[in-house]
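Colleague: let's see this in three dimensions:
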Amino acid sequence: MGIKKFKPTSPSRRWMSGPDFSEITKDTPEKSLLLPLKSRAGRNSYGRITVRHQGGGHKRKLRIIDFKRDIFETPAKVVAIEYDPNRTSRIALVEYPNNLKKYIIAPAGLQVGDVIISSNEKEAEIKTGNCLLLRHIPSGTMIHNIELAKGRGGQIVRSAGSSAQIMAKEGDFAHVKLPSGEVRLVSLDCHATIGQIGNIEHEAVQMGKAGRRRWMGIRPTVRGLAMNPVDHPHGGGEGKSGQGNPHPVTPWGKPTKGYKTRSPNKYSDRFILKRRK
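Modeller: Purely as a prediction, here's the structure:
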């Protein structure tokens, strides 16, 4: 994958860049693996906005991704690499011998025609795209799509260019270093996929204009400082003024920017060896 830049035919085009989609081999998605996706615009079941700055955007359909990789000891052939509008990574269409097709997250280096496998056996090959138990993956290996509970399916390390690393194994747990720098205990009976996720240069993409964010369903964000006092604790003042608070706050007066909201008694605290901060 590469990043393409545009000729500065307009102010928005001057800094705009985007993926060249050179790795995409199939334009239309597999119909049997699609579901309708209704835009909620950040609203809950009562119609109240619970996540701000969402709404609009292009219509999408949901691709059913196989995060569990639970068809064991059966090789699957990579049929195509496709674009998924719902995630930053690319997806790979794989086909099993019984003509069953599944989507998986495409790791970097996976090509059409490659054969991958999901296995519980110790003899399984340590190869990009293979899904194995953590107990059978050597320390130092880059992994992604990691389970946190046996059989639940991959829950973490699923975005473009991300990967985790097995640092050590002790007892029934592996020490896994996550992209954030956090070191976490994960059961050796959990599965993970070998390799780094593809579309590595995604973070280098420049939007170029506000309209492109709107196509993605992201609405404008107004600074509290630019509002009136009735609308935000930072609002008001003559001319260009400071926020006026002893610390930055949300529109509802709660501290923000670095304020820790994690429960001090969260059950998973015992699995965290080193914090990300």
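Colleague: got the end-to-end distance for stretch 220-231?
Modeller: End-to-end distance for stretch 220-231: 16 Å, by C-alpha to C-alpha, to the nearest Å.
Colleague: who touches it?
Modeller: 52-53, 210, 232-236, 241, 243, 249, 251 (C-beta atoms under 8 Å, 6 or more residues apart in numbering). For the C-beta atoms, the positions are set from N, CA and C on the backbone; glycine is no exception.
Colleague: before we move on, which element is the residue of the chain positioned farthest from its centre in?
Modeller: In the chain, counting by C-alpha atoms, centre = their mean, Glu238 sits farthest out from the average C-alpha position, at 42.5 Å. Secondary-structure assignment from DSSP states H and E places Glu238 in no helical or strand segment.
Colleague: next one: Ala92
Modeller: strand 91-95.
Colleague: and the helix or strand that that strand is followed by, what's buried?
Modeller: As assigned by DSSP H and E, the chain's next helix or strand after strand 91-95 is strand 101-105. Residues of strand 101-105 classed as buried by neighbour count (16 or more other C-beta atoms under 10 Å): 102-105.
Colleague: tell me the one of the residues you listed nearest Glu203?
Modeller: Lowest distance from Glu203 to those (C-beta to C-beta) belongs to Ile105, with 16.8 Å.
Colleague: what about the nearest residue to that closest one once chain neighbours are set aside, how many residues nearby?
Modeller: Among residues not flanking Ile105 along the chain, Ser89 sits closest, at 5.3 Å (C-beta to C-beta, 6 or more residues apart in numbering). Neighbour count for Ser89, taken as other C-beta atoms under 10 Å: 23.
Colleague: contact partners for Ser89?
Modeller: Going by C-beta under 8 Å, 6+ apart, Ser89 touches 105-106, 158-160, 197-199, 202.
Colleague: could you redo the last one with a cut-off of 10 Å?
Modeller: By C-beta atoms under 10 Å, 6 or more residues apart in numbering, Ser89 lies in contact with 65, 105-108, 144-145, 158-162, 197-200, 202.
Colleague: and what of Arg158?
Modeller: Contacts of Arg158 (C-beta under 10 Å, 6+ apart): 65, 67, 87-89, 105, 144-146, 193, 197.
Colleague: now do stretch 151-164: distance to the chain's middle.
Modeller: 7 Å (C-alpha atoms, centre = their mean, to the nearest Å).
Colleague: show me which positions of it end up buried.
Modeller: Those would be 153-154, 156-164, for stretch 151-164 by 16+ other C-beta under 10 Å.
Colleague: closest to Ile272 among those residues?
Modeller: Within the buried residues of stretch 151-164, proximity to Ile272 (C-beta to C-beta) peaks at Ile156, which comes in at 12.6 Å.
Colleague: any idea how many residues pack against the closest residue to that closest one other than its chain neighbours?
Modeller: Sequence neighbours aside, Ile146 is the residue nearest to Ile156 in space, at 5.2 Å (criterion: C-beta to C-beta, 6+ apart). A total of 22 residues lie near Ile146 under the criterion other C-beta under 10 Å.
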